[in-house]
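Enquirer: Sequence plus the predicted model coming up.
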Amino acid sequence: MTLADEAITWYAANARALPWRQPDTTPWGVLVSEVMLQQTPVVRVEPAWRSWMTRWPTPAALADDPPSEAIRMWGRLGYPRRAMRLHACAVAIVERHGGHVPSSLEHLLALPGVGTYTGRAVATFAYGQRHPVVDTNVRRVVCRAVEGKPDAGQATTAADLTAMEALLPPDSAAAARASIAFMELGAIVCTARAPRCAVCPFHDVCAWRLTGQPLPDGPSRKPQRYAGTDRQVRGLLLEVLRHATGPVPRQRLDVVWQDEVQRARALAGLVEDGLVERLGVEDFVLAGDTPKGGVQDL
DNA sequence: CAACCGTGGAC
DNA sequence: TGTCCAAGGTT
């Protein structure tokens, strides 16, 4: 049995029943799930995904609403630029592809917010194509099982793809199963902190385990700070704007953060990123929440 | 290309 | 009221 075969067998018996894995999930549903899952845990994505798909079952449905609605529906999933890009994605899919999520990797990668991982994930999981799909879970599993290292270092996309490619079965359907199986393995067994090696299908062949599970050497990569950063301030500002029904006077934004310089910088950043629009001099709204200056038509 | 971009939960 | 981590992407 190859590693891929072992993983596929394990997956068949142990996979979580996540809604976007149901056979009737559309490519749009897969794309939405992949974007939501970028740096956000499954448990928080699941309810959000259901709400999103109920409201916007197709790219065209989302494209018909303003970005502000997408930002609101995004809620507190984090990195709200993803909501904006998903909206831009929907618009692009309508304009370029007649409302159908493209199946070619090239077209997928050209969509906003779709990078190396997400593009391959959609091509593979929605369309059954044969691509290596490498996320943080796959990198960790391959690193440990094959290379015997405790953790994957900095992502080296090309090398990671090559390493996973070497493990994929020739058949495209089997390759897709192998990729999702490796991901699931990394998510619930070969975890970052407390791997459950006792129940791992790679238990007897894992290079890392067979060499005594050496600890990471050298200095660990310093985690990024959050408290006190512009990111925190942006989050606070956006939280106010999300709940607003009309234009928000600057005065209501001023109360969320003491430091005036940082507050202004954060707000300017949100405007520059297209998440927020300034109305007149002192009012702000989520992008697309612009009240009609005059009724265009009825 | 290292740094930036949110948020919450487990220790 | 700290650290680390979670299906990354963009610049």
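Expert: Looks like it came in fine.

Enquirer: residue contacts, A:R278?
Expert: A:271, A:284 (CB atoms under 8 Å, 6 or more residues apart in numbering). The C-beta positions use only the backbone N, C-alpha and C, and glycine is treated the same way.

Enquirer: which residues does A:R72 contact?
Expert: A:242, A:286.

Enquirer: Need phi/psi at the closest residue in space to A:S104 that isn't next to it in sequence.
Expert: For A:S104, ignoring the flanking residues on the chain, the nearest one in space by CB to CB, 6 or more residues apart in numbering is A:A123 at 7.5 Å. Main-chain dihedrals, A:A123, degrees, to the nearest 10: phi -60, psi -40.

Enquirer: quick one: contacts for A:A123?
Expert: Per CB under 8 Å, 6+ apart, neighbours of A:A123: A:103-105, A:108, A:129, A:131.

Enquirer: Check those residues for burial and list the buried ones.
Expert: Using 16 or more other CB atoms under 10 Å as the burial test, those include A:105, A:108, A:129, A:131 as buried.

Enquirer: Looking at those, which is nearest DNA strand C?
Expert: DNA strand C lies nearest to A:L108 out of the buried ones among the contacts of A:A123, by CB to the nearest atom of the strand, at 9.4 Å.

Enquirer: What does the pLDDT read for that closest one?
Expert: With respect to pLDDT, A:L108 scores 98.

Enquirer: By proximity to DNA strand C, which residue of chain A wins?
Expert: A:G115 (2.6 Å).

Enquirer: Can you give me the neighbour number for that residue?
Expert: 12 (other CB atoms under 10 Å).

Enquirer: Does it touch A:L109 like I think?
Expert: Yes. Here A:G115 reaches A:L109: they are 7.3 Å apart, a contact under CB atoms under 8 Å.

Enquirer: Quick check: residues of the stretch 151-298 of chain A near DNA strand C?
Expert: A:183-184, A:186-187, A:191-193, A:220, A:222-223, A:225-227 (CB under 7 Å from any atom of the strand).

Enquirer: Before I go, just wanted to say thanks for your time.
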